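Visitor: mind folding the following:
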Amino acid sequence: MYSEQPLQTTVAAAIAFDGVGLHSGRFVRVTIHPAPANTGISFRRVDITESRQTIAATPDNVQQARLCTRIVNDDGVRLETVEHIMAAFAGLGVDNAIVDIDGGEAPILDGSSLPVVEAINRTGITQLAARRRVLVVTSPVSVEHAGGWAKIEPCGGLEIDAEIDFDDTAIGRQRFHYRHGNGSFIRDLAAARTFCMMRDVAAMQNAGLALGGSLNNAVVVENGAILNEGGLRMEHEFVRHKILDCLGDLYLLGMMVRGKMTASRPGHAMCAKLITTLWNSPASFQIVEEGAELDHSDGYALPEVAAAAAV
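Guide: Sure thing, here's the model as predicted:
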């Protein structure tokens, strides 16, 4: 369950799992290690020379990419498709971890964050003797990308309100408003799987993408039908997965966010643009310790409704 207490956390012991990369189709192994307070989330490419292998999950390392989330260090070493692991960390309130991976793409597993969530919950989460930091949005920031848009604005907690619109009737237009906390991640998002339309598969594979995709790790639709045995896991699974991706991408800010993200046709490139735009607009946010008072010298105040909900 998401930890709302003020202290930082890490995983209680090492956690190992493996699988294929969605786009590369390559088998990769992952081990999540406990980390000290104020480490944040870092990935280590253990297939790379030790001096170059660490890629911190921070906004300075975010790079726009097609159909995945990509982080790159100063040496040009990159890692892709980290969004579902990052969403699991955000959803469960894991502040610090070192993630070893022996390839350039995280495994897709079942297409959702659920396998990572279950692995972390089996091992447990440990509190650390340092207070958690929170990025509090104090003024709106917005971006546009590829016919869609996204904005993030002040709010008493973390909310993501997203809408998607696809011309296949199996997906269509969907909207979901997610409010983070009180177990909502496990209840509303964790099991939502990535998806695609069958007509796009050949084009993606010709472009070197989705080489590891299958009905075991993605929801596939064709002419209004769900091709996966058993159908969907939940109502509006498609837009819920988009919000799961947004949550994982927002966690690349290096800490939990207190703000409301609203998006139309969200995608990883748009989220990367929103993250970097916000990070490069320091007048639009404050970083505070959980439970600490904001600096109101600039006249900033929480919206009344959101502030009341945060009590």
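
Visitor: number of nearby residues for residue 82?
Guide: Residue 82 has 25 neighbours, counted by other C-beta atoms under 10 Å. From N, CA and C alone the C-beta is placed, and that goes for glycine too.

Visitor: now residue 146
Guide: 10.

Visitor: and it, what does it touch?
Guide: With contacts defined as C-beta atoms under 8 Å, 6 or more residues apart in numbering, the neighbours of residue 146 are 265, 267, 269, 270.

Visitor: and residue 233, by the same measure?
Guide: By C-beta under 8 Å, 6+ apart, the neighbours of residue 233 are 191, 192, 193.

Visitor: do I have it right that the second one meets residue 247?
Guide: Pointing back at residue 192 there. No: with contact defined as C-beta atoms under 8 Å, residue 192 does not reach residue 247; the gap is 10.7 Å.

Visitor: turn the contacts of residue 146 into JSON lines, including neighbour count and pLDDT.
Guide: Below are these laid out as JSON lines (neighbours: other C-beta atoms under 10 Å; pLDDT from 0 to 100):
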{"residue": "265", "neighbour count": "17", "pLDDT": "96"}
{"residue": "267", "neighbour count": "22", "pLDDT": "93"}
{"residue": "269", "neighbour count": "20", "pLDDT": "93"}
{"residue": "270", "neighbour count": "23", "pLDDT": "95"}
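
Visitor: turn those into CSV, columns for distance to residue 14.
Guide: As requested, the contacts of residue 146 are exported to CSV (distance: C-beta to C-beta, whole Å):
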residue, distance to residue 14
265, 39
267, 33
269, 33
270, 34
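
Visitor: taking those residues together, which two end up most distant?
Guide: Across these, no pair lies farther apart than 265 and 269, at 11.0 Å, counting by C-beta to C-beta.

Visitor: where's residue 163, which helix or strand?
Guide: Per DSSP states H and E: residue 163 is located in strand 158-165.

Visitor: what lines up beside that strand in the sheet?
Guide: Here strand 158-165 is paired, per DSSP bridges, with strand 173-179 (antiparallel), strand 256-264 (parallel).

Visitor: dump those strands to JSON lines, plus distance to residue 57.
Guide: Formatted as JSON lines, the strands paired with strand 158-165 follow (distance: least, C-beta to C-beta, whole Å):
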{"stretch": "strand 173-179", "distance to residue 57": "21"}
{"stretch": "strand 256-264", "distance to residue 57": "13"}
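
Visitor: list the contacts of residue 102.
Guide: Contacts for residue 102 (C-beta under 8 Å, 6+ apart) come out as 28, 29, 45, 46, 47.

Visitor: repeat for residue 185
Guide: 2, 87, 90, 91, 92, 117, 247.

Visitor: now, the residues you listed that are in helices?
Guide: 87, 90, 91, 92, 117, 247 (DSSP state H).

Visitor: check the offset of stretch 155-168 from the chain's centre.
Guide: Stretch 155-168 sits 14 Å away from the centroid of its parent chain (C-alpha atoms, centre = their mean, to the nearest Å).

Visitor: can you give me the end-to-end distance of that stretch?
Guide: Stretch 155-168 has an end-to-end distance of 34 Å (C-alpha to C-alpha, to the nearest Å).

Visitor: let's test this: mean pLDDT of it, rounded?
Guide: In this model, stretch 155-168 has an average pLDDT of 96.

Visitor: for it, which residues meet the burial criterion?
Guide: Neighbour counts over stretch 155-168 (16 or more other C-beta atoms under 10 Å) mark 155, 156, 157, 158, 159, 160, 161, 162, 163, 164, 168 as buried.

Visitor: and what of stretch 6-22?
Guide: Applying 16+ other C-beta under 10 Å to stretch 6-22 flags 7, 8, 9, 10, 11, 15, 17, 19, 20, 21, 22 as buried.

Visitor: export the buried residues of stretch 155-168 to JSON lines and append columns for distance to residue 217.
Guide: Listed next are these as JSON lines, based on distance: C-beta to C-beta, whole Å:
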{"residue": "155", "distance to residue 217": "33"}
{"residue": "156", "distance to residue 217": "36"}
{"residue": "157", "distance to residue 217": "31"}
{"residue": "158", "distance to residue 217": "27"}
{"residue": "159", "distance to residue 217": "28"}
{"residue": "160", "distance to residue 217": "23"}
{"residue": "161", "distance to residue 217": "27"}
{"residue": "162", "distance to residue 217": "22"}
{"residue": "163", "distance to residue 217": "25"}
{"residue": "164", "distance to residue 217": "20"}
{"residue": "168", "distance to residue 217": "19"}
